[in-house]
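Undergrad: A structural model of the following input is requested.
(chains A and B)
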2 protein chains.
Amino acid sequence: MNTPERILMGPGPSTVPQRILRALGSPTLGHLDPRYIEIMDETCVMLREVYQTKNALTFPVSATGMAGMECVVTNLMEPGDEVIVCVNGVFGTRMVDVMQRAGVTVHRIDVEWGRIFSDEMIAEAVQQHPQAKALAIVHAETSTGAHQPLEEISRIVHASGMLFIVDAVTSLGGHTLKVDEWGIDAIYSGTQKCLSCPPGLSPVSFSPAAVEVIEKRTTKVQSWYFDITMLKDYYKGSGKRAYHHTAPVNMIYALREALAMVLEEGLEARIERHAVLHRRLRAGLEAMGISYIPESSLHTLNCIHIPEGVDDAEVRTKLLETYGIEIGAGLGPFAGKAWRIGLMGHSASQANVDLVLAALKDSIG
Amino acid sequence: MNTPERILMGPGPSTVPQRILRALGSPTLGHLDPRYIEIMDETCVMLREVYQTKNALTFPVSATGMAGMECVVTNLMEPGDEVIVCVNGVFGTRMVDVMQRAGVTVHRIDVEWGRIFSDEMIAEAVQQHPQAKALAIVHAETSTGAHQPLEEISRIVHASGMLFIVDAVTSLGGHTLKVDEWGIDAIYSGTQKCLSCPPGLSPVSFSPAAVEVIEKRTTKVQSWYFDITMLKDYYKGSGKRAYHHTAPVNMIYALREALAMVLEEGLEARIERHAVLHRRLRAGLEAMGISYIPESSLHTLNCIHIPEGVDDAEVRTKLLETYGIEIGAGLGPFAGKAWRIGLMGHSASQANVDLVLAALKDSIG
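TA: Residues are numbered from 1 along each chain as shown, chains lettered A, B, ... in the order given. Model (predicted):
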């Protein structure tokens, strides 16, 4: 394998530390080997810590981030159910699509891409659609950098008896995220963002209320691969480990190592590191006259306007070829108009912040 | 990471060579990095060679083997379609389940677990259900060792205008398998069997006829994650690479290396190696008075009767703890009655065959 040196400061994957790559390349064990089962159990224990939850049903789905969304949707919802989906970027839009493919009637509420939802909008939607089974929202919109507060929304959603579904792909391990305290019923994330593990797994967690809903289903989950009614016997480990599918053994090694690194650093210290470096990056960019898109406030994903007269692709190519730095292009209404600079996990270092500022200064000219 | 030394001679994963583990642990690139796109394209080119196909739509699904089954089923079939599924073990049984979850009416034909289907049975089923859109069959039943001939069945299926779906999880890279010559319309496999790559990807291939069927769908594919109408823009690379999901970058490195090793050895030489070592194992077992279950004729998966009076779990535990050898337990009607010895990819060596024979002799007493 011959790979160029890269500093990954796009929307993910982030740069993977050597220690995690070494764990990834450890000898493959059988997926029912007693030692592998231990490794998997240790992974789930640490995942609960990082998600700040006691949820028994917390495990990594054997596929990348979007599979976590599909796993949550296809297990919680049944054909004919109704749901409220909040759309302010790519991932809310996708949630609508995934819900509809599962036969769910979607009540979609929108704010402009990049903006966040007010408590009032959520309260109004919940009042208009009291029969909805759940409300789904994105905590950290990777496409725009919007950082959605969740605590008050959770109260509104639960007061109406709905389940609360959260997309945390770009926040887990980089922003404060308290699954139990915030009353989140179902949540999914990816490994390749703030955990700095390679892409390939999607950590999910389900509250006891969500598990009860799944157990009361009257129809089969439309996806066999993501069917939690079967998967839970493998991951929860109550009694015999029922074989479901062959687990991606080496990816689990990597995730275990990545979670260990999060806990060694300390979750709060890690979140503070992301905050500090975000402020440093923001100050540097603003000093260069580069502005953030309105309400882009995530620390982990910085969505900035491309300065007037600057060629989008040309600059990104120069960053990649001269500096080995990857940053992300804009999506949707921001295509050609914005860049996305990721500060996630291992990529969030002072050296990287100062380098990307210098490289941008040089490339914009 | 602290993993015990193992020789993987179960139903998969097989032992992964150091060279592939090193490729797996190479630095993670972005999934849209030009160099990563090259690596992915190289992987797909080699995958076509190993599948012996010119099918443009040949790529690894970003999840383990069963995801390949789900990808094939959910893309080819629409709710209300009919299908004939041949069941002679675990994977045929699962195919029925996956089909039904996709809203498909299944006409199931059965032979005893371990047996194979005769051309006459297939002809009769096709005649009885001429309206079926496809017939699905397992080439290499991992649960029993049954090795299903496909050429004549393919002719029968195509004569009736149906699509021909094949499960090749335990044959790709270990048994003769000619996708184009045998007229297979949709096929899936796993990486962790005869390719000796870690589990985590499911190589699939679709014929032009299958692609046409997918393009004429009137309903959306129920799975977003497995939806080929979107995925093909990423993998076929016609024009712009449309981002779909974040690819499991490091797993693709490993698969590329695994396929390179298959082609360096030579596909025919590799298949012959599996045949020779199967015969050596069979002769050794039979000399010990251990018999194969009827019609277990796969070279890659050897399903043998547990001798009278021998404790199943005790022997497998001794093999694992004393010799580091993993073999597989029996499934379904063979639970507690049979063992499954895998000779797949890197695990298929003369040293391993002789060692497992010696270890069994010692453990059975």
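Undergrad: Test for you: state the pLDDT assigned to A:Ala23.
TA: Listed pLDDT for A:Ala23 reads 98.
Undergrad: residues contacting it?
TA: A:Tyr253, A:Ala254, A:Arg256, A:Glu257, B:Met1 (C-beta atoms under 8 Å, 6 or more residues apart in numbering or on different chains). C-betas here are computed from N, CA, C, even on glycine.
Undergrad: cool, A:His107 as well?
TA: A:Glu82, A:Val83, A:Ile84, A:Val85, A:Ala125, A:Gln128, A:His129, A:Ala132.
Undergrad: Make sure the fifth one is actually in contact with A:Ile84.
TA: Yes - with contacts defined as C-beta atoms under 8 Å, A:Ala125 counts as touching A:Ile84 at a distance of 5.1 Å.
Undergrad: Just list the residues touching A:Ala102, thanks.
TA: Here A:Ala102 is in contact with A:Val73, A:Thr74, A:Met77, A:Pro79, A:Gln222, B:Gln222 (C-beta under 8 Å, 6+ apart).
Undergrad: burial count for the first one?
TA: It stands for A:Val73. 28 (other C-beta atoms under 10 Å in any protein chain shown).
Undergrad: where's it relative to A:Val96, distance?
TA: 10 Å (C-beta to C-beta, to the nearest Å).
Undergrad: Tell me the confidence at A:Ala329?
TA: 96.
Undergrad: thought it was touching A:Ile341?
TA: No - using C-beta under 8 Å, A:Ala329 is not in contact with A:Ile341; the gap is 11.3 Å.
Undergrad: quick one: which of these two has more around it?
TA: Neighbours per residue, other C-beta under 10 Å: of A:Ala329 and A:Ile341, the larger number sits with A:Ile341, 26 against 19.
Undergrad: which one is the more buried one nearest to, not counting chain neighbours?
TA: Once flanking residues are discounted, A:Ile341 sits nearest to A:Asn302: 4.3 Å by C-beta to C-beta, 6 or more residues apart in numbering or on different chains.
Undergrad: which residues touch the one you found?
TA: Contacts of A:Asn302 (C-beta under 8 Å, 6+ apart): A:Gly145, A:His278, A:Leu281, A:Arg282, A:Leu285, A:Tyr292, A:Ser296, A:Arg340, A:Ile341, A:Gly342, A:Leu343.
Undergrad: ok so the fourth one is a strand residue?
TA: If I follow you right, that is A:Arg282. No - the assignment for A:Arg282 (DSSP: H, G, I helix; E, B strand; the rest coil) gives helix, which keeps it out of a strand.
Undergrad: Please report how far it lies from chain B.
TA: 23 Å (C-beta to the nearest C-beta, to the nearest Å).
Undergrad: Then the third one?
TA: Taken as C-beta to the nearest C-beta, the spacing of A:Leu281 relative to chain B amounts to 19 Å.
Undergrad: what's the burial count for the closest residue to that residue other than its chain neighbours?
TA: Counting by C-beta to C-beta, 6+ apart, A:Leu281 lies nearest to A:Val353, which is 4.9 Å off, once chain neighbours are set aside. A total of 24 residues lie near A:Val353 under the criterion other C-beta under 10 Å.
Undergrad: quick one on the thing from earlier: nearest to B:His31 among the contacts of A:Ala102?
TA: A:Val73 (22.8 Å; C-beta to C-beta).
Undergrad: Got the phi and psi for the residue nearest to A:Tyr323 when sequence neighbours are not counted?
TA: Nearest non-adjacent residue to A:Tyr323, counting by C-beta to C-beta, 6+ apart: A:Ala359, 4.4 Å away. The phi/psi pair for A:Ala359 (degrees, to the nearest 10) reads phi -70, psi -40.
Undergrad: is any part of stretch A:61-69 close to chain B?
TA: Yes - using C-beta under 8 Å from any C-beta of the partner chain, stretch A:61-69 reaches chain B at A:Ser62, A:Ala63, A:Thr64, A:Gly65, A:Met66, A:Ala67, A:Met69.
Undergrad: can you pull the pLDDT of the third one?
TA: According to the predicted model, the pLDDT of A:Thr64 comes to 91.
Undergrad: list the contacts for it?
TA: Counting by C-beta under 8 Å, 6+ apart, A:Thr64 has contacts A:Gly190, A:Gln192, A:Pro199, A:Gly200, A:Leu201, A:Ser202, B:Ser62, B:His245, B:Thr246, B:Ala247, B:Pro248.
Undergrad: And the residue of chain A closest to chain B?
TA: A:Gly25 (3.0 Å; C-beta to the nearest C-beta).
Undergrad: residues touching that residue, list them.
TA: Neighbours of A:Gly25 in contact, by C-beta under 8 Å, 6+ apart: A:Asn250, B:Leu21, B:Arg22, B:Leu24, B:Gly25.
Undergrad: Can you name the element that comes right after the helix or strand that the second one is a member of?
TA: For B:Leu21, the host element (DSSP states H and E) is helix B:18-24. If you walk from helix B:18-24 toward the C-terminus, the next helix or strand you reach (DSSP H and E) is helix B:34-51.
Undergrad: helices and strands around that following helix, which ones?
TA: strand B:57-61, strand B:202-206, helix B:249-265 (3 or more C-beta pairs under 8 Å, 6 or more residues apart in numbering or on different chains; DSSP states H and E).
Undergrad: again, only this time at 7 Å
TA: strand B:57-61, helix B:249-265 (3 or more C-beta pairs under 7 Å, 6 or more residues apart in numbering or on different chains; DSSP states H and E).
Undergrad: quick one: buried residues of the helix-or-strand element of chain A with minimal mean pLDDT?
TA: When the helices and strands of chain A are scored by mean pLDDT, DSSP states H and E, helix A:228-235 comes last with a mean of 83. Buried positions in helix A:228-235, judged by neighbour count with 16 or more other C-beta atoms under 10 Å in any protein chain shown: A:Ile228, A:Met230, A:Leu231, A:Lys232, A:Asp233, A:Tyr234, A:Tyr235.
Undergrad: Now do it against strand A:57-61, angle only.
TA: 90 degrees (axes from the mean of the first three to the mean of the last three C-alpha atoms, to 10 degrees).
Undergrad: Run through who's touching helix A:228-235.
TA: Residues outside helix A:228-235 that contact it (C-beta atoms under 7 Å, 6 or more residues apart in numbering or on different chains) are A:Cys44, A:Leu57, A:Phe59, A:Asn75, A:Ile214, A:Val221, A:Arg241, A:Ala242, A:His244.
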